[in-house]
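J.: just the structure for this:
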Amino acid sequence: MSVFTPMDPTKLTKQERAAALASLIFLKQKKDGTVKARTCADGRKQRESTAEEEAASPTVSMESIFMSCVIEASEGRGVRVIDLPGAFLHADCPDHVIMRFHCRLAELMVLAAPQIYRKYITTDAKGEPVLFVKLQKALYGMLKSALLFYKNLLTDLVAQGFTVNPYDPCVVTKTVRGTQMTICWHVDDLKLSHKREIELKRMEDWLRSIYGNISVSRGDRHTYLGMDLDYSEKGKCKVSMEGYTKEIIDSFPEVIRGTSATPAADHLFKTRENGKKLPEEQAAAFHRTTAQLLFLGGRARRDIQTAVAFLTTRVKVPDEDDWGKLKRVLKYLNGTMDMGLHLSVENLGIVRWYVDASYATHEDCKGHTGAMMTLGGGAAISISRKQKTNARSSTEAELIGVYDALPSILHARYFLEALGYKVNQNVVYQDNKSSITLEKHGRAIGSKRTKHIKVRYFFIKDVIEQGEVEIEHCPTKMMWSDILTKPKQGREFVEMRAKLLGHDVDERQNKAKLMRDKSRTNSVTPRDDSLRSPRRCVGGHAETIEAEVPAKRHKKGLARKLHVEVRSRAGKGRLLEPHKQLVMGLTRGVRAVAE
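T.: Residues are numbered from 1 along each chain as shown. Model (predicted):
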């Protein structure tokens with residue numbers, strides 16, 4: 001495979017020398033200890049002369065991946081995950097692109113093939129060696145490389161009889177021996193599925209004949225685009241990202257100890273204008289961790305989407321309150337590390353959407369949209385985002401919410417039908433009867449209160465009349481997407497999370513209890529009966545109670561007194577749960593001294 005053609009530096013124009021792309025080499029140590037090197041082009045210079053639409057390459061959408069995963073589990077298909085090494089180098093470079101090897105890299109090229117490159121080596125103004133080459137292949141780093149490879153792969157697949165899904169250019173299907181074979185790909189990472197193993201083996205061999213020594217994952221468990229896919233349970237696809245979750249927590253600047261029952265408190269959307277801003281380095285860490293959580297929440301951990309949606313609105317100027325909210329999400333993940341998304345199908349012909357909106361939730365009085373789509377168990381698609389328009393009522397906020405979700409609602413239907421599955425019902429559930437009336441009848445029943453609503457929101461009415469969507473009322477208690485519009489707590493959160501992630505409520509609670517018990521065993525200081533604190537009724541607003549800590553608990557071997565301030569309820573002369581107040585305060589003091 002000829003990737004480079006050496007160029008005579010004396011025959012290059014001044015403009016060609018100036019436009020030459022710099023060469024880069026990256027070294028990465030793998031888990032097994034081996035070192036991988038990759039030579040790339042620095043394509044930043046091409047941005048000046050290349051339009052974005054000429055270089056943008058499509059990639060498979062996450063919605064398509066999850067819908068294909070749940071179909072694979074439902075039909076009991078075999079799955080392969082294939083990595084194509086050096087994929088871009090199989091696509092020709094049609095443009096005249098010059099790249100420059102400089103200093104040590106130029107010397108390494110000569111050492112690797114002296115008979116080819118030695119006579120083309122030259123020096124720059126500083127006397128350092130330089131080698132100019134013309135790119136024959138789509139080298140990594142060029143702006144057009146991904147697009148060139150995409151066109152190359154797509155051409156080969158179409159030649160094999162595959163049909164491109166019109167609603168996702170990175171999904172192709174083909175009927176093989178009466179059943180469908182589906183291929184999704186993200187750049188050079190492919191996911192194949194078919195009921196017959198022999199057909200998957202034939203597809204492997206065909207790809208190997210073109211791309212050489214490909215990497216293939218077989219069986220019931222795979223890693224694809226950072227997600228662990230588990231098809232071992234019949235009819236289910238379990239998606240988890242435990243390793244990535246641990247990586248987020250471990251890379252956070254502060255050590256995360258303890259757990260939280262929910263990812264956000266009731267005051268999630270509350271902010272303070274005079275809140276203390278984070279220093280630059282800490283703000284950068286906040287931004288980085290929020291981006292990581294955004295990646296996680298859009299895949300295996302949909303239960304953190306509401307909290308992350310708020311945090312993304314704070315990345316520009318985060319304050320200490322935002323930092324605390326971010327830590328709470330990490331504590332929640334710390335206690336639910338093994339949790340993931342469980343997808344299953346009841347009926348591929350019935351698509352259920354739960355769409356909800358909270359009114360004036362954010363500080364600027366904009367609402368928040370939450371939506372989820374399920375084919376049976378778990379949300380194959382979920383949305384949690386701040387609304388871009390202010391609403392004057394909860395009814396209007398619900399209208400905006402449906403309008404926000406409508407592109408995904410229609411895309412999911414069209415995508416499934418393009419795969420060959422007839423959608424008999426595409427149901428949207430809402431819990432606001434007034435908004436349902438407006439959506440079904442539009443401006444015909446509108447009053448002066450609703451005339452200010454922009455006409456685009458009544459696009460919903462047209463879609464309903466065309467039979468693309470059905471709107472049905474759903475009781476608020478069964479509006480499962482409510483968890484995506486506001487921070488829920490307690491049993492309500494647990495039940496809605498179970499619907500969102502496709503879990504069994506009781507099984508998950510038992511597992512969570514075991515994890516909490518284990519956490520307490522590992523972290524709580526054993527009780528010391530010699531530590532005694534008096535129970536007193538406080539007559540004023542507060543009183544200091546002293547308790548002596550045994551010398552063996554103090555690292556210097558000295559006894560020490562703890563001062564615990566106990567506050568009364570509004571100064572009325574009686575304690576608010578005095579047992580708990582005293583025990584909690586003294587326990588914290590004992591831990592501090594013991595540590």
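J.: C-alpha only now, for contacts and for neighbours.
T.: Will do.
J.: look up how far E72 lies from S232.
T.: Applying CA to CA, to the nearest Å, the value for S232 to E72 is 12 Å.
J.: between the two, which has more neighbouring residues?
T.: The neighbour comparison of S232 against E72 (other CA atoms under 10 Å) goes to E72, with 23 against 14.
J.: which neighbouring elements make contact with the helix or strand where F286 lies?
T.: According to DSSP states H and E, F286 maps onto helix 280-297. In terms of contacts (3 or more CA pairs under 8 Å, 6 or more residues apart in numbering; DSSP states H and E), helix 280-297 is packed against helix 242-251, helix 305-311, helix 320-335.
J.: let's see that with 7 Å instead.
T.: On a contact count with 3 or more CA pairs under 7 Å, 6 or more residues apart in numbering; DSSP states H and E, helix 280-297 meets helix 305-311.
J.: the stretch 101-250 of the chain: strands as residue ranges?
T.: 122-123, 129-135, 163-165, 168-176, 179-186, 189-194, 215-217, 221-224, 227-230, 236-240 (DSSP state E, counting those that start in this stretch).
J.: distance from the chain centre to the helix holding F286, please.
T.: Relative to its chain's centre, helix 280-297 lies at 12 Å (CA atoms, centre = their mean, to the nearest Å).
J.: then stretch 276-295?
T.: That offset, for stretch 276-295, works out to 16 Å (CA atoms, centre = their mean).
J.: residues in contact with the closest residue in space to S394 that isn't next to it in sequence?
T.: Nearest residue to S394, sequence neighbours excluded (CA to CA, 6 or more residues apart in numbering): Y359, at 5.2 Å. Going by CA atoms under 7 Å, 6 or more residues apart in numbering, Y359 touches G367, H368, S393, S394, A397.
J.: and the strands of the stretch 101-250 of the chain, which one averages the lowest pLDDT?
T.: Looking over the strands of the stretch 101-250 of the chain, mean pLDDT reaches its minimum on strand 122-123, with a mean of 92.
J.: note down every partner strand of that one and its orientation.
T.: According to DSSP bridges, strand 122-123 has the following sheet partners: strand 129-135 (antiparallel).
J.: give me the contacts around the partner strand.
T.: Against strand 129-135 from outside (CA under 7 Å, 6+ apart): 3-7, 9, 93, 97-103, 106, 120-124.
J.: now the buried members of those.
T.: 6-7, 9, 93, 97-102, 106, 120-122 (16 or more other CA atoms under 10 Å).
J.: among the contacts of Y359, name the buried ones.
T.: Judged by 16+ other CA under 10 Å, buried ones among the contacts of Y359: G367, H368, S394, A397.
J.: now the helix or strand where V428 lies: mean pLDDT?
T.: For V428, the host element (DSSP H and E) is strand 425-430. Average pLDDT, strand 425-430: 97.
J.: how about the spatially closest residue to C170 that is not a sequence neighbour, what does it touch?
T.: Among residues not flanking C170 along the chain, V60 sits closest, at 4.9 Å (CA to CA, 6+ apart). Listed by CA under 7 Å, 6+ apart, the contact partners of V60 are D168, C170, V171, C184, W185, H186.
J.: what's the biggest helix in the protein, counting residues?
T.: In the chain, assigned by DSSP state H, the helix with the most residues is helix 394-418.
J.: poorly predicted segments of this structure, please.
T.: The chain contains residues with pLDDT under 70 at 1, 30-32, 443-456, 506-595.
J.: quick check, central residue of it?
T.: F295 (2.3 Å; CA atoms, centre = their mean).
J.: measure that residue to G226 for me?
T.: F295 sits 10 Å away from G226, taking CA to CA as the criterion.
J.: what's the answer for R196, then?
T.: Relative to G226, R196 is positioned 26 Å away (criterion: CA to CA).
J.: by neighbour count, which of the contacts of V60 wins?
T.: That'd be V171 among the contacts of V60, by other CA under 10 Å, with 27 neighbours.
J.: so that one bridges to which residues?
T.: Bridge pairing for V171 (DSSP bridges) gives the partners C184.
J.: quick one: contacts for it?
T.: For V171, counting by CA under 7 Å, 6+ apart, the contacting residues are V60, V164, N165, I183, C184, W185.
J.: now do G258
T.: Each residue near G258 by CA under 7 Å, 6+ apart is listed here: K331.
J.: any idea how far stretch 231-238 is from the chain center?
T.: 21 Å.
J.: quick one: buried residues of that stretch?
T.: Y231, G235, K236, C237, K238.
J.: one more: stretch 475-487?
T.: Buried residues in stretch 475-487, counted by 16+ other CA under 10 Å: M479, W480, S481, D482, I483, L484, T485, K486, P487.
J.: secondary structure for those residues - can I get that in CSV?
T.: Compiled in CSV, these are given as follows (DSSP: H, G, I helix; E, B strand; the rest coil):
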residue, secondary structure
M479, coil
W480, helix
S481, helix
D482, helix
I483, helix
L484, helix
T485, coil
K486, coil
P487, coil
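J.: and which of those is nearest to E281?
T.: Proximity of those to E281 (CA to CA) peaks at P487, which lies at 28.5 Å.
J.: distance of the closest one relative to T306?
T.: 7 Å.
J.: just M67 next, same as before
T.: From M67 to T306 the distance is 22 Å (CA to CA).
J.: who has more neighbours out of those two?
T.: Counted by other CA under 10 Å, M67 and T306 do not tie: T306 has more neighbours, with 28 against 19.
J.: what is the burial count for E247?
T.: With other CA under 10 Å as criterion, E247 counts 12.
J.: whoops, I mixed them up, R314
T.: R314 is flanked by 18 other residues according to other CA under 10 Å.
J.: and it, how far is that from P94?
T.: Distance of R314 to P94, given as CA to CA: 44 Å.
J.: list the contacts for M478?
T.: M478 sits next to no residue when contact means CA under 7 Å, 6+ apart.
J.: and the gap between it and R202?
T.: According to CA to CA, M478 and R202 sit 47 Å apart.
J.: same question, L343
T.: Relative to R202, L343 is positioned 28 Å away (CA to CA).
J.: likewise V355?
T.: V355 sits 43 Å away from R202, going by CA to CA.
J.: also K119?
T.: In terms of CA to CA, K119 sits 46 Å off from R202.
J.: before we move on, back to that, more neighbours: which of V355 and R202?
T.: Neighbour count, other CA under 10 Å: between V355 and R202, V355 has more, with 31 against 11.
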